[in-house]
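**Q** Task: produce atomic coordinates for the following.
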Amino acid sequence: MSETASEHGKGWAAANLADLGDGPGFRKIRRALGVEAFGVNAIVLPPGVKTGYHYHDRQEELYFLHAGEVEMQFGDGESVRLSPGSAVRVDAAVPRRICNVGEGEAVYICVGGEGGYVGRDGRLVEGEERGPSPVDRP
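**A** This is a model prediction of the structure:
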């Protein structure tokens with residue numbers, strides 16, 4: 001990765017989260033990478049901090065916890081505790097907030113969209129052969 005916030009090629013873009021901002025708050029991944037099909041941000045949440053409850057009119061969201069320990073609370077009083085590697089999907093209309101319950105910063109990725117799954121449309125490039133599944137590898 002270069003020292004710039006992102007790298008771009010024909011049909012691709014890459015960025016490092018550390019290059020997208022400092023301190024707590026949002027890191028605009030969608031803007032940095034030119035994503036148009038869905039919303040995507042990273043959020044850095046200091047220890048002890050809670051986000052406000054929010055919901056959406058249309059977009060379902062997926063949250064992936066990269067670092068830290070958080071509790072996700074829902075408008076019905078339910079909650080779930082997340083550790084690194086955890087993921088949660090939330091319907092648009094469900095109120096939710098995230099509380100950093102760990103000792104250090106929490107970093108999570110939030111992806112939002114509407115319109116549904118497009119199906120399995122992946123294809124091998126001509127001349128490529130299907131290799132073993134990543135699960136099959138030693």
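**Q** CA atoms for contacts and neighbours, from now on please.
**A** Will do.
**Q** Quick check: end-to-end length of stretch 6-19?
**A** From its first residue to its last, stretch 6-19 covers 8 Å (C-alpha to C-alpha, to the nearest Å).
**Q** ok, now stretch 62-73?
**A** Start-to-end, stretch 62-73 (C-alpha to C-alpha) is 14 Å.
**Q** For that stretch, what does the pLDDT average out to?
**A** Stretch 62-73 carries an average pLDDT of 98.
**Q** Tell me how far that stretch lies from the chain's centre.
**A** Chain-centre distance of stretch 62-73: 10 Å, with C-alpha atoms, centre = their mean, to the nearest Å.
**Q** Over to stretch 102-119?
**A** The chain centre lies 3 Å from the centre of stretch 102-119; the measure is C-alpha atoms, centre = their mean.
**Q** next structured bit after the helix or strand containing residue 80?
**A** Element membership for residue 80 (DSSP states H and E) is strand 79-82. Sequence order places strand 87-90 as the next helix or strand after strand 79-82, per DSSP H and E.
**Q** helices or strands next to that following strand in the packing?
**A** Judged by 3 or more C-alpha pairs under 8 Å, 6 or more residues apart in numbering; DSSP states H and E, strand 87-90 is in contact with strand 60-67.
**Q** Residues contacting the strand it packs on, please?
**A** With contacts defined as C-alpha atoms under 8 Å, 6 or more residues apart in numbering, strand 60-67 is touched by 82-92, 105-114.
**Q** Return a PyMOL selection command for the buried portion of those residues.
**A** Here is the PyMOL command that picks out the buried ones among the contacts of strand 60-67, judged by 16 or more other C-alpha atoms under 10 Å:
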select buried, resi 82+83+90+91+92+105+106+107+108+109+110+111+112
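**Q** Sketch out the low-pLDDT regions of the protein for me.
**A** Confidence mapping of the chain against pLDDT under 70 gives the ranges 1-5, 133-138.
**Q** In it, which residue is most central in space?
**A** With distances taken as C-alpha atoms, centre = their mean, residue 109 lies nearest the centre of the chain, 2.4 Å away.
**Q** Let me know the secondary structure of it.
**A** Here residue 109 is strand, with the state taken from DSSP: H, G, I helix; E, B strand; the rest coil.
**Q** where does it sit relative to residue 121, distance-wise?
**A** Counting by C-alpha to C-alpha, the gap from residue 109 to residue 121 is 24 Å.
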